[in-house]
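1. Curious how this folds, go ahead:
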Amino acid sequence: MDDEGLTVLQPEGWKKPKGYANGMMGRGRLVLTGGLIGWDDNEVFADGFIPQVEQTLKNVVAVVAAAGGRPEHIARLTWYVKSIATYRASLAELGPVYRRVLGRHYPAMALVEVSDLVEEQALVEIEATAILPD
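-> Have a look, this model is predicted:
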């Protein structure tokens, strides 16, 4: 377990993933976010995929912070994107944005393409699970 009470789960013999963990384990208070999107507190959307990802991650961090947590307490992220092709084409730009918001903390993640999101302008929606130390 690290200082934040989370342990990365890496089965023996598996290749180490880049940019995510296969699993996380922890003990403490759970924080579960809803599906958060890339708009600001005035519900104005960031313009484009990468700016929306950055705002969405900031929104995730804000909800976790409201519970007294920090980015390193995030154990799981589930990303819903309208276009997996856009996601793949944006990987070089995505890394620096991700690290600017979440640092070098890589929780368990899943990413799926969806046909649509509730808010028409949304290009990405992210749910998070954080485990805050007792």
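2. Give me the three-state assignment for residue 12.
-> Put simply, residue 12 is coil when judged by DSSP: H, G, I helix; E, B strand; the rest coil.
3. Please report the distance of it from residue 22.
-> 12 Å (C-beta to C-beta, to the nearest Å). C-betas here are computed from N, CA, C, even on glycine.
4. Please identify which of these two sits among more neighbours.
-> Using other C-beta atoms under 10 Å, the more surrounded residue of residue 12 and residue 22 is residue 22, with 14 against 4.
5. contacting residues around the more buried one?
-> Neighbouring residues of residue 22 by C-beta atoms under 8 Å, 6 or more residues apart in numbering: 8, 9, 10, 11, 14, 108.
6. Over to residue 20?
-> 106, 107, 108, 109.
7. try 7 Å
-> Taking C-beta atoms under 7 Å, 6 or more residues apart in numbering, we find residue 20 in contact with 106, 108, 109.
8. of the residues you listed, closest to residue 134?
-> If you rank the contacts of residue 20 by distance to residue 134 using C-beta to C-beta, residue 108 comes first, at 20.8 Å.
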